[in-house]
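Enquirer: Coordinates only, no sequence provided:
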């Protein structure tokens with residue numbers, strides 16, 4: 001295999017990074033060339049993303065690759081979190097800043113929408129988990145609140161598509177990111193017109209949908225001048241970060257599940273078809289698009305956002321490292337208090353430690369008093385949520401989950417990995433931690449015919465990155481804790 005270099009831009013809801021990947025002899029090596037913060041900005045009571053600031057950070061990443069690391073990449077690719085979008089006018093301008101999904105304008109949108117189209121029909125039309133910030137409900141809120149940007153918009157681009165547009169001028173919608181919107185037919189790259197009609201969303205916003213690993217076009221001359229880049233292509237990778245991450249799961253056989261662990265915990269299986277039924281509606285599972293026609297049947301769980309927000313509050317007093325938080329949590333009594341991680345009160349409470357304490361008080365549990373107790377409450381609750389969700393998946397498929405692959409930043413947390421193995425009773429395989437960037441890079445390679453298939457991508461990942469196995473060795477009374485946890489759901 002001829003040596004090739006690819007630059008992945010991987011942007012999450014709290015940070016972003018530019019990762020340079022070098023592919024040679026069936027092995028991939030990574031170098032981080034830039035890292036930056038990403039955070040919502042509040043303006044006049046609403047939360048937005050600074051998309052122009054993000055574009056500037058991506059250009060810095062490209063410039064660093066070329067000037068500091070002396071590597072001209074063969075292509076670039078962008079992935080981001082799901083559901084959020086930018087609106088584009090008919091003459092090619094951004095129609096304002098994109099709303100952030102944690103903005104409170106959608107607090108009542110689901111309930112209001114269901115007055116027009118039932119919850120059951122909405123789910124059967126889309127197969128998507130109900131969350132108040134899904135694109136469907138965000139756009140419905142804009143319609144009902146008469147937002148002016150919607151009136152002048154000609155096209156809707158999800159966040160990675162919008163950033164691709166800034167790089168290339170091409171307005172295309174990538175399938176995996178569009179599938180998070182609750183506006184597509186289940187398992188198909190086709191817009192569901194009934195949902196647009198019910199919400200009052202103009203169909204003109206529904207652009208052409210393309211598959212992951214599609215070549216969009218070269219970056220614009222102005223970007224080349226600013227960064228020192230050659231006229232390299234921009235690839236539409238799996239634009240949803242979870243879809244890129246799942247493409248890099250180093251699984252070969254057996255009934256396996258994945259946990260993409262970061263700000264959100266995305267727990268599910270790779271299916272060859274959507275799983276849409278009354279049962280999956282009741283369980284609130286989602287069916288999102290994957291690579292090579294697969295479906296990501298999964299549950300969105302609040303994830304490390306809970307502990308990230310605690311750290312943000314605690315750091316205002318005294319900065320704590322992640323390892324310090326884990327160490328504090330390991331020295332307190334387990335299962336003293338538990339929360340439902342997906343309670344709506346944890347979506348954007350402002351003061352997460354207090355929100356955890358308030359939940360425990362409201363549910364007549366001991367109130368955690370210090371950082372260690374609050375962190376342990378969150379960690380125990382997340383692990384029990386994973387067990388709960390795996391049981392739900394097994395009840396839908398009728399097949400036992402034999403192993404769990406944990407990928408993403410959460411794979412660094414060895415305490416959580418071991419607790420997850422103990423609680424679920426199945427082996428846990430942790431790594432790679434940079435799964436999303438890896439999937440992004442190898443889908444660029446697929447677009448440029450350096451890699452032929454999803455199976456080959458996973459083979460390269462297995463050859464290139466360490467995976468740590470955690471064997472179940474339960475020393476705690478998980479059954480009693482799980483029984484308590486179930487009552488909080």
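Expert: That came in fine, so what should we check first? Small disclaimer: the values here were computed from a predicted structure and weren't measured.

Enquirer: give the contact list for residue 422.
Expert: Going by C-beta atoms under 8 Å, 6 or more residues apart in numbering, residue 422 touches 472-476, 478. C-beta: built from backbone N, CA, C; applies to glycine.

Enquirer: Filter the residues you listed down to the buried ones.
Expert: Neighbour counting by 16 or more other C-beta atoms under 10 Å classes residue 478 among the contacts of residue 422 as buried.

Enquirer: What are the contacting residues of stretch 98-106?
Expert: Residues contacting stretch 98-106 (C-beta under 8 Å, 6+ apart): 13, 40, 46-49, 51, 81, 83-87, 132-133, 137-138, 141, 145, 159, 162, 347-348.

Enquirer: and residue 245, backbone torsions?
Expert: Note on residue 245: its backbone torsions stand at phi -60, psi -40 [degrees, to the nearest 10].

Enquirer: Tell me, how many residues neighbour it?
Expert: Neighbourhood size, residue 245 [other C-beta atoms under 10 Å]: 28.

Enquirer: how close does it get to residue 431?
Expert: 12 Å (C-beta to C-beta, to the nearest Å).

Enquirer: between these two, what contacts are shared?
Expert: residue 407.

Enquirer: can you tell me which residues contact the residue nearest to residue 272 when sequence neighbours are not counted?
Expert: Spatially, and ignoring its direct neighbours in sequence, residue 272 is nearest to residue 294 (6.5 Å; C-beta to C-beta, 6 or more residues apart in numbering). Each residue near residue 294 by C-beta under 8 Å, 6+ apart is listed here: 270-272, 454.

Enquirer: Looking at those, spot the one nearest residue 377.
Expert: Closest approach to residue 377 among those (C-beta to C-beta): residue 270, at 31.7 Å.

Enquirer: Hmm, residue 298 and the closest one touching each other?
Expert: No. Between residue 270 and residue 298 there is no contact under C-beta atoms under 8 Å: 9.3 Å.

Enquirer: Which one's more surrounded, these two?
Expert: A side-by-side neighbour count of residue 270 and residue 298, using other C-beta under 10 Å, places residue 298 first with 27 against 19.

Enquirer: That one - that's part of a strand, no?
Expert: Yes. Using DSSP: H, G, I helix; E, B strand; the rest coil, the assignment for residue 298 is a strand.

Enquirer: could you check the distance from it over to residue 332?
Expert: For residue 298, the distance to residue 332 - C-beta to C-beta - is 31 Å.

Enquirer: Over to residue 250?
Expert: Residue 250 is 34 Å from residue 332, where distance means C-beta to C-beta.

Enquirer: Any idea how far the longest helix anywhere in the chain is from the middle of the chain?
Expert: Longest helix of the chain, by residue count under DSSP state H: helix 371-397. Here helix 371-397 is found 18 Å from its chain centre; the criterion is C-alpha atoms, centre = their mean, to the nearest Å.

Enquirer: How about stretch 333-342?
Expert: Mean-position distance between stretch 333-342 and its chain equals 24 Å (C-alpha atoms, centre = their mean).

Enquirer: With stretch 424-433 instead?
Expert: Centre-to-centre, stretch 424-433 and its host chain are 19 Å apart (C-alpha atoms, centre = their mean).

Enquirer: measure it end to end?
Expert: Length of stretch 424-433, first residue to last, C-alpha to C-alpha, to the nearest Å: 21 Å.

Enquirer: Could I get the buried residue list for it?
Expert: Using 16+ other C-beta under 10 Å as the test for burial, stretch 424-433 gives 424, 426, 428-433.

Enquirer: Next: stretch 248-262.
Expert: Buried, per 16+ other C-beta under 10 Å, within stretch 248-262: 248-251, 256-262.

Enquirer: what do you get for stretch 36-54?
Expert: Here stretch 36-54 shows 36, 38, 40, 47-51, 54 as buried, counting by 16+ other C-beta under 10 Å.

Enquirer: Taking these together, which two end up most distant?
Expert: 36 and 47 (18.7 Å).

Enquirer: related to what we said a few turns ago, can you go through the contacts of stretch 98-106 and name the buried ones?
Expert: 13, 40, 47-49, 51, 81, 83-87, 132-133, 137-138, 141, 159, 162, 347-348.

Enquirer: which residues in the stretch 351-489 of the chain form helices?
Expert: 352-362, 371-397, 414-424, 435-447, 454-464, 478-486 (DSSP state H, counting those that start in this stretch).

Enquirer: Out of those, which gets nearest to residue 118?
Expert: helix 371-397 (21.8 Å).

Enquirer: tell me the angle that closest one makes with helix 478-486.
Expert: Interaxial angle, helix 371-397 versus helix 478-486 (axes from the mean of the first three to the mean of the last three C-alpha atoms, to 10 degrees): 90 degrees.

Enquirer: for the record, mean pLDDT for helix 371-397?
Expert: Helix 371-397 carries an average pLDDT of 98.

Enquirer: again, but for stretch 122-130
Expert: 97.

Enquirer: How about stretch 428-448?
Expert: Computed over stretch 428-448, the average pLDDT equals 97.

Enquirer: How is the chain divided into domains?
Expert: Using automatic domain parsing, the domain parsing of the chain gives 4-241, 249-431+452-489.

Enquirer: Please identify which of these is closest to residue 443.
Expert: domain 4-241 (4.2 Å).

Enquirer: Between the two ends of the closest one, how far is it?
Expert: From its first residue to its last, domain 4-241 covers 22 Å (C-alpha to C-alpha).

Enquirer: do stretch 98-111 as well
Expert: 23 Å.

Enquirer: What of stretch 272-281?
Expert: The first-to-last residue distance of stretch 272-281 comes to 19 Å (C-alpha to C-alpha).

Enquirer: in that stretch, what's buried?
Expert: Judged by neighbour count using 16+ other C-beta under 10 Å, the buried positions of stretch 272-281 are 274-276, 280-281.

Enquirer: State the mean pLDDT of stretch 482-489.
Expert: 96.

Enquirer: any idea of the pLDDT on residue 351?
Expert: 98.

Enquirer: re the thing from before, show only the entries of the buried residues of stretch 424-433 found in strands.
Expert: 428-430 (DSSP state E).

Enquirer: Figure out the length between the terminal residues of stretch 175-195.
Expert: The first residue of stretch 175-195 is 17 Å away from its last residue (C-alpha to C-alpha).

Enquirer: let me fix that: stretch 269-279
Expert: End-to-end distance for stretch 269-279, by C-alpha to C-alpha: 16 Å.

Enquirer: Please tell me how far residue 47 sits from residue 309.
Expert: For residue 47, the distance to residue 309 - C-beta to C-beta - is 14 Å.
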